[in-house]
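Visitor: with the sequence up front, the predicted model follows.
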Amino acid sequence: MRTHREIIETNGGSTRVAEDLFVVLPAGRWETAQALANTVAAWKRSDSIPSEYWAAIADLDMATLEELAAAAEAKRFPERAEAREEGAFA
């Protein structure tokens, strides 16, 4: 399972992800792609992509909704992620 940070990295980094999102997000949400790039860089630093962007990320085939949700859960509840990896929830 990839973390949110890894999802951003494997899709070309903060600037590339922002450029791709800028094209598909509703007009007026972001004035410039650079402003969005700064925001995506903050997501990468915090290893946390806000859920309101998950659908756009999934639409761009950067990650699935399930992968985004699992990464968010693993960050919030690391003990569950460890148990899942060890097969406790298989």
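Guide: Everything's here; your move.
Visitor: can we go C-alpha only for contacts and neighbour counts from here?
Guide: OK.
Visitor: by mean pLDDT, point me to the weakest helix or strand of this protein.
Guide: None of the helices or strands of the chain scores lower by mean pLDDT, DSSP states H and E than helix 78-85, at a mean of 67.
Visitor: give me the buried positions along the strand or helix carrying residue 54.
Guide: In this structure, residue 54 sits in helix 54-59 according to DSSP states H and E. Within helix 54-59, the residues that count as buried by 16 or more other CA atoms under 10 Å are 54, 56, 57.
Visitor: residues in contact with the first one?
Guide: Residues counted as contacts of residue 54 (CA atoms under 8 Å, 6 or more residues apart in numbering) are 65, 68.
Visitor: pLDDT at it, what is it?
Guide: In this prediction, residue 54 carries a pLDDT score of 98.
Visitor: how much space is there between it and residue 79?
Guide: 24 Å (CA to CA, to the nearest Å).
Visitor: do the second one as well
Guide: Residue 56 sits 29 Å away from residue 79 when distances are taken as CA to CA.
Visitor: run a quick neighbour tally on residue 27.
Guide: 9 (other CA atoms under 10 Å).
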